[in-house]
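J.: here is a sequence with its predicted model. Questions after.
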Amino acid sequence: AIWLLPTDSVYGSWPRSGEIDVMEAVGHKPGVVHSTVHTAAPDGHALRSMRFGHARTVADAHARFVTYSLVWTPDEVRCYADGECTLVCRRGEKGKRVEAGEDGPGAGGRGG
């Protein structure tokens, strides 16, 4: 996994200050790579988050080097695997609400 977490959680604990998973692979889904942006739920509930995510098949990711990258502009975040866009998260878009236990740092995309 390649995660980006804030050094200073100025908006509060996870997920209020955010998390970006540039890539995350989980053992029970070989060849599937997740890219995800986590933010606080709009209702401010401490045990909920909003998630913008996408899973992409990279069939041989376990057997070769894959170049992962992130492009962050004032209006959107994009993740890439070998130059192919795996995620676009635009400012103002709504993600999927997930409950506590489904998500969180290192959850491996369990929130669906």
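T.: All right, it came through fine.

J.: and Ser69, how many residues sit next to it?
T.: If you count neighbours by other CB atoms under 10 Å, Ser69 ends up with 15. Any C-beta I mention is one placed from the backbone N, CA and C, and that applies to glycine too.

J.: helix or strand for it, which one?
T.: strand 68-72 (DSSP states H and E).

J.: before we move on, what about Ser35?
T.: Ser35 is part of strand 32-40 when elements are defined by DSSP H and E.

J.: what's the first-to-last distance across stretch 25-41?
T.: Stretch 25-41 has an end-to-end distance of 24 Å (criterion: CA to CA, to the nearest Å).

J.: go on, stretch 3-13?
T.: With CA to CA as the measure, stretch 3-13 spans 16 Å from end to end.

J.: so what are the sheet partners of the very next helix or strand once past the strand holding Ser35 and their directions?
T.: On the C-terminal side of strand 32-40, the nearest following helix or strand under DSSP H and E is strand 48-57. Sheet partners assigned to strand 48-57 using DSSP bridges are listed as strand 32-40 (antiparallel), strand 96-99 (antiparallel).

J.: what is the mean pLDDT for the strand holding Ser35?
T.: In this model, strand 32-40 has a mean pLDDT of 85.

J.: for the residue nearest the centre of the chain, which non-adjacent residue is closest in space?
T.: Taking CA atoms, centre = their mean as the criterion, Thr36 is the residue nearest the geometric centre of the chain, at 1.7 Å. In this structure, Thr36 finds its nearest non-sequential neighbour in Gly53, 3.7 Å apart by CB to CB, 6 or more residues apart in numbering.

J.: what stretches of the protein score poorly on pLDDT?
T.: By pLDDT under 70, the low-scoring segments of the chain are 43-50, 94-112.

J.: 50 - rerun?
T.: Applying pLDDT under 50 to the chain flags the ranges 99-112.

J.: about what we covered before: gap between the residue nearest to Thr36 and Val10?
T.: 24 Å (CB to CB, to the nearest Å).

J.: neighbour-wise, which of those two wins?
T.: Using other CB under 10 Å as the criterion, Gly53 and Val10 rank with Gly53 on top: 22 against 8.
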